[in-house]
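Quick check, what structure comes out for this input:
(2 chains)
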Amino acid sequence: MIQISRLSRTDWFGPLLATLIAITVIQGFNDNFLSPFNIQILLLAIAVNALVAFSQMIIIAIGQMNLSVGAIGGLAAISFVGAMEVWGLPAPLAVILALVIGVGCGVLNGALIRITGISAFVITLATLSIFKGINLGITEAQPFYGVPDSVKSFGAALLVGPIPWLAVPTVLVTVAMWFMLRRMPVGRFILAVGSNEHAAGLSGISVGATVIIAHAVSGLLAAIAGVLVVARLQIGQPSIGDDWLILSFAAPVIGGAILAGGHVSVTATLLGVVIVAIITQALVLFSIDPFLVQVVLGAMILAAVGLNKLRARQPVGKGSA
Amino acid sequence: MTIQDINSPPGATGGLSRTRFFLSNEFGLILLIIVFAVIFGLSARGFLSPFNLFTLGRNSAINIMIGLSMMTVIVTGGLNLAVGAMGVSAAMVCGWLIEGLGVPWPLAILGGLAFGAALGFINGWMVVRTGLHSFIITLATMSIFFGAMIFLTRAEAFRDLPAAFSAFGKMKFANYLSPLLLVTLAVAVALAWLYRATLTGREMLAAGASPAAAELSGIRVDRMVILCHMLSGGLAGLAALMLVARNGAAIPSMAGQLGQDWLLPAFLGPVLGGTLLQGGKVSVLGTVLGAFLVTMLSSGLLMLQVGAFWVQTFLGLMLLVAVLLDKARRSYLARRNLA
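Numbers count the residues shown, from 1 in each chain, chains lettered A, B, ... in the order given. I've put the predicted structure just below:
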């Protein structure tokens, strides 16, 4: 009993239970759900969405929000393809360029928030518009088609069984994020700044540097997600990232992240992404209207914040993480 | 500091408040509007033509209304990300009432506005009941409202609206004035009166400035928050109906995916106009001027052929510059002990 009550206090237990129940129920209704092809589709969706969710999660960890995640991802995606098509850059160099742009956008966000002291919401709303505007200004809303075959084959290749190669960067990032937030000083600094900025400053943590690093990581992850979407779609769409906003908040919140900052969980956020992907996929399998996906996503955010609120009322004892 | 100096009449109490007026957002905005009007008038052909003035008035009427809709929620220290989704939903309900049920159009407009207010009630009620920040609540409801609207309408527009709608959108007074602008100005005056002269308005501001203090003074803060959200929903519906009058049809995608296209104009107006995001301070005139300046700049930049695709970058930069200037102004005022 003690074991169970301790488990129920961890962030990942609830989402894991929900994931298992969802998989069992959906598999019971439809045998195709766990077919290799379907698993591959699920993993492709999870691979990109997990990066988008982590990109927002790291900002939630410092108690801020980043509305420009999608805009950074889109800008990185079109500069990745644009550099290969227009300048003829080899793919690895173009990837580095895209990631540098992503980090640059993130640093800009962080520095503006830190220097001006204006709320992250307003700053990232402004930069969202700036990044998206640059994206549209460069592409004039036309896609880039010049994706080389090497990138295309990477996007379509399978590693083992139904596991696509695209999942590899995401797995690496997940491990790196977990390691950073749990084991590295900078990760602990990020959480400390998120839970109490003033106290963190007094304890000798450089709050400014921490905020900027968190935003740089966020930009980097958004850029990786943008590059992966290009590899998957095999085209440089200017509209990449337009629909990331809701999703980027849904997964961390389902994973028990506290929006006030200082408390996030990499595992639970990943499970949040898995739940969203499974439910989206289930709606497709049961041929329920795809338009309803938005409604379900919104309802899930509300349900998750409601549950988190209830969980927070229980006395926090040992074993809570 | 927050409540007393709202819209303090310029020059009423001598030199101190005259200096304050010259340093106010409203004065800065008027100056900027004049400067840009002169620049565009001289450099862009046809900027001051009656036709362009008519379009400018019509577009700014809608943008100002979107800004006012956001402003009413910012007053409580909250946000409403769902303005676009609510507005479009309200307009679609109005279209459905006319085409599906054959309701006469004046009643259908009232129905649409009431529906917007009802959606606002849902937002406000959830914010009050859960105690969560309105950011996350309206983020979720934005997805829910928009998804439900798209599902129910099958993403199809209502095009057979009565001629009165598009006629109103095309109507011109004295060859260049759009009646839509008059509607917006009437709403703005009503809002200014609400915040300055009515008990409800003052209570809304007090609830935004300090919920705890307001609660102790006997103000029903919960009720005020819900009321502000309902007001926001009604105004969002009105903005969308004006858009319908301009387009001649109620189109589900007229505010973009999830209504996100409205977010930037919605925040630009109030933030440029000096409405505090923390709540408790509001400037209706500033919001009107701010939204008008933004509309004028986009129109002027388009006429100068800067490239339609770069306009969004300029608007983003403007928001950034505006908040920076506002910050500088505030610290200047604080240093001189003027505020």
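
Do a quick rundown of the helices in chain B.
Here chain B has its helices, by DSSP state H, at B:15-22, B:25-43, B:50-74, B:83-99, B:105-130, B:134-153, B:163-170, B:179-197, B:199-209, B:211-216, B:221-247, B:263-272, B:284-303, B:311-335.

mind giving me CSV with these and columns for distance to chain A?
(Each C-beta comes from the backbone N, C-alpha and C, glycine too.) Formatted as CSV, the helices of chain B follow (distance: least, C-beta to the nearest C-beta, whole Å):
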stretch, distance to chain A
helix B:15-22, 22
helix B:25-43, 15
helix B:50-74, 11
helix B:83-99, 9
helix B:105-130, 6
helix B:134-153, 3
helix B:163-170, 26
helix B:179-197, 22
helix B:199-209, 16
helix B:211-216, 17
helix B:221-247, 15
helix B:263-272, 5
helix B:284-303, 11
helix B:311-335, 3
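
and these as JSON lines, adding mean neighbour count and mean pLDDT?
Converted to JSON lines, those look like this (neighbours: other C-beta atoms under 10 Å in any protein chain shown; pLDDT from 0 to 100):
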{"stretch": "helix B:15-22", "mean neighbour count": "14", "mean pLDDT": "63"}
{"stretch": "helix B:25-43", "mean neighbour count": "15", "mean pLDDT": "85"}
{"stretch": "helix B:50-74", "mean neighbour count": "25", "mean pLDDT": "91"}
{"stretch": "helix B:83-99", "mean neighbour count": "28", "mean pLDDT": "93"}
{"stretch": "helix B:105-130", "mean neighbour count": "21", "mean pLDDT": "93"}
{"stretch": "helix B:134-153", "mean neighbour count": "24", "mean pLDDT": "90"}
{"stretch": "helix B:163-170", "mean neighbour count": "15", "mean pLDDT": "81"}
{"stretch": "helix B:179-197", "mean neighbour count": "17", "mean pLDDT": "92"}
{"stretch": "helix B:199-209", "mean neighbour count": "20", "mean pLDDT": "91"}
{"stretch": "helix B:211-216", "mean neighbour count": "14", "mean pLDDT": "89"}
{"stretch": "helix B:221-247", "mean neighbour count": "26", "mean pLDDT": "93"}
{"stretch": "helix B:263-272", "mean neighbour count": "28", "mean pLDDT": "86"}
{"stretch": "helix B:284-303", "mean neighbour count": "23", "mean pLDDT": "88"}
{"stretch": "helix B:311-335", "mean neighbour count": "17", "mean pLDDT": "81"}
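
of those helices, which approaches residue A:142 most closely?
The closest of the helices of chain B to residue A:142 is helix B:311-335. By C-beta to C-beta, the value is 16.0 Å.

Give me the contacts around that closest one.
A:112, A:116-118, A:122-123, A:125-134, A:136-137, B:20, B:23, B:25, B:28, B:264, B:267-268, B:271-272, B:274, B:290, B:294, B:297-298, B:301-302, B:306, B:339 (C-beta atoms under 8 Å, 6 or more residues apart in numbering or on different chains).

now the angle between helix B:263-272 and that helix, please.
On the basis of axes from the mean of the first three to the mean of the last three C-alpha atoms, to 10 degrees, helix B:311-335 is oriented at 20 degrees to helix B:263-272.

residues contacting residue B:265?
Taking C-beta under 8 Å, 6+ apart as the test, what residue B:265 contacts is B:63, B:66, B:67, B:291, B:294.

pretty sure the second one is touching residue B:88, no?
No: judged on C-beta atoms under 8 Å, residue B:66 makes no contact with residue B:88 at a distance of 11.6 Å.

Skipping adjacent residues, who's closest to residue A:22 in space?
Among residues not flanking residue A:22 along the chain, residue A:278 sits closest, at 5.1 Å (C-beta to C-beta, 6 or more residues apart in numbering or on different chains).

Can you list the buried residues in the strand or helix carrying that neighbour?
Applying DSSP states H and E as the criterion places residue A:278 in helix A:266-285. Going by neighbour count (16 or more other C-beta atoms under 10 Å in any protein chain shown), the buried part of helix A:266-285 is A:266-283.

Spit out the contact partners of residue B:207.
So residue B:207 contacts B:76, B:214, B:219, B:221, B:224, B:225 (C-beta under 8 Å, 6+ apart).

With distance to residue A:86 as added columns, please give the helices of chain B in TSV.
Listed next are the helices of chain B as TSV, based on distance: least, C-beta to C-beta, whole Å:
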stretch	distance to residue A:86
helix B:15-22	50
helix B:25-43	32
helix B:50-74	35
helix B:83-99	34
helix B:105-130	45
helix B:134-153	36
helix B:163-170	42
helix B:179-197	43
helix B:199-209	50
helix B:211-216	54
helix B:221-247	37
helix B:263-272	29
helix B:284-303	26
helix B:311-335	20
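
Of those, which is nearest residue A:184?
Here helix B:134-153 is closest among the helices of chain B (C-beta to C-beta), at 28.7 Å.

For the strand or helix carrying residue A:227, what is the distance to the chain centroid?
Per DSSP H and E, residue A:227 falls inside helix A:207-233. Here helix A:207-233 is found 9 Å from its chain centre; the criterion is C-alpha atoms, centre = their mean, to the nearest Å.

Identify all contacting residues around the very next helix or strand once past it.
Heading C-terminal from helix A:207-233, the first helix or strand you meet, by DSSP H and E, is helix A:244-254. For helix A:244-254, contacts defined as C-beta under 8 Å, 6+ apart pick out A:15, A:49-50, A:52-53, A:55-57, A:60, A:65-67, A:69-70, A:73, A:225, A:259, A:264, A:268-273, A:275-276, A:294, A:297-298, A:300-301, A:304-305, A:308, B:136, B:139, B:142-143, B:258, B:260.

swap in stretch B:126-141?
A:65, A:121, A:245-246, A:249, A:253, A:259, A:298-299, A:301-302, A:305-306, A:309, B:73, B:76, B:78-82, B:85, B:119, B:122-123, B:222, B:225-226, B:229.

residue ranges of the helices in chain A, please?
A:2-9, A:13-29, A:36-61, A:69-86, A:91-116, A:120-139, A:149-156, A:167-183, A:185-195, A:197-202, A:207-233, A:244-254, A:266-285, A:292-313.

quick one: average pLDDT of the third one?
What that stands for is helix A:36-61. For helix A:36-61, the per-residue pLDDT values average out at 92.

check contacts around the residue lying closest to residue B:93 once chain neighbours are set aside.
Nearest non-adjacent residue to residue B:93, counting by C-beta to C-beta, 6+ apart: residue B:115, 4.4 Å away. With contacts defined as C-beta under 8 Å, 6+ apart, residue B:115 is in contact with B:89, B:90, B:93, B:94, B:237.

Could you find the closest non-adjacent residue to the second one?
Spatially, and ignoring its direct neighbours in sequence, residue B:90 is nearest to residue B:237 (3.1 Å; C-beta to C-beta, 6+ apart).

so how many other residues sit close to residue A:21?
10 (other C-beta atoms under 10 Å in any protein chain shown).

Distance of it relative to chain B?
22 Å (C-beta to the nearest C-beta, to the nearest Å).

what sits against that residue?
Applying C-beta under 8 Å, 6+ apart to residue A:21 gives no contacts.

Just the pLDDT for it.
Looking at residue A:21, its pLDDT stands at 86.

my guess is residue A:150 contacts residue A:94, does it?
No: with contact defined as C-beta under 8 Å, residue A:150 and residue A:94 do not form a contacting pair (10.8 Å).

Got phi/psi on residue B:251?
The phi/psi pair for residue B:251 (degrees, to the nearest 10) reads phi -110, psi 130.

Need the pLDDT of the nearest residue to residue B:54 once chain neighbours are set aside.
Distances taken as C-beta to C-beta, 6+ apart place residue B:176 nearest to residue B:54, at 4.9 Å, with adjacent residues excluded. Residue B:176 carries a pLDDT value of 79.
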